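**Q** Sequence and predicted structure are below.
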Amino acid sequence: DSGVTQTPKHLITATGQRVTLRCSPRSGDLSVYWYQQSLDQGLQFLIQYYNGEERAKGNILERFSAQQFPDLHSELNLSSLELGDSALYFCASSRGDRGTTDTQYFGPGTRLTVL
Amino acid sequence: GDSVTQMEGPVTLSEEAFLTINCTYTATGYPSLFWYVQYPGEGLQLLLKATKADDKGSNKGFEATYRKETTSFHLEKGSVQVSDSAVYFCALSVTTDSWGKLQFGAGTQVVVTP
């Protein structure tokens, strides 16, 4: 158990809908990352927050947004969903140290299916 | 930009065989390197890491050495078990970004048969 929790575990919805994925980081971690895992794209970095502020953006669509709250949990909002958004969405957390040595610990993921 | 290339799978082995999964990287700076493992139906677990050249990461019988001269971080295990069947991901912390986002390889599926 990494200490990172994600809810829900599975989500099935229809095209055009909006969903919210939730992540709680490990105790003491200030940084939260979101990744998308799909068969065709592999694991792709979406966005990172540190202590409530956005720090880095990756291949995140404009239909997707995220935020980190004062209690450090984070939510990823996906709207106007398309079939191609079906994927496994991972949250990871780390202490948030600057540089490249920080270690990210991953949650179990939320499997999104868009029908 | 920074990138990771790892050998394609699936890699099929018999129990107690030697496992090697090749991983090479391209980076403009000095990344940290990681191996993560994903068991069926589960999330990613950190297997091992190395933060500088010649560092050796090890865990659960797995080892990988950060080789700057060959830009490689190959994963090895001397004697695999059926329980090692999983997908293994090599990753680096992107050096053009000081906040540590990870760039992953495509993953290598390992199947160990009794």
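**A** Noted; the coordinates are in hand. Source: prediction; values computed, not measured.
**Q** surely A:Phe90 meets A:Arg111?
**A** No. With contact defined as CB atoms under 8 Å, A:Phe90 and A:Arg111 do not form a contacting pair (10.4 Å). Using the backbone N, CA and C atoms, a C-beta is placed for each residue, glycine as well.
**Q** which one of the two has more residues nearby?
**A** More neighbours surround A:Phe90 than the other of A:Phe90 and A:Arg111, with 25 against 16 (other CB atoms under 10 Å in any protein chain shown).
**Q** The nearest residue to A:Ser27 once chain neighbours are set aside is in what secondary structure piece?
**A** Of all residues beyond its chain neighbours, the one nearest A:Ser27 is A:Gly3 (6.7 Å), with distances taken as CB to CB, 6 or more residues apart in numbering or on different chains. Using DSSP states H and E, A:Gly3 falls within no helix or strand.
**Q** quick one: pLDDT of A:Gly3?
**A** pLDDT, A:Gly3: 92.
**Q** Could you pull up the residues touching it?
**A** By CB atoms under 8 Å, 6 or more residues apart in numbering or on different chains, the contact list for A:Gly3 reads A:25-27, A:93, A:105.
**Q** Just send the residues you listed back as CSV, with pLDDT too.
**A** Below are the contacts of A:Gly3 laid out as CSV (pLDDT from 0 to 100):
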residue, pLDDT
A:Pro25, 97
A:Arg26, 96
A:Ser27, 95
A:Ser93, 95
A:Tyr105, 93
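**Q** moving C-terminal of the helix or strand containing B:Thr12, what's the next helix or strand?
**A** Assigned by DSSP H and E, B:Thr12 falls within strand B:11-14. Per DSSP H and E, the first helix or strand lying C-terminal to strand B:11-14 is strand B:19-21.
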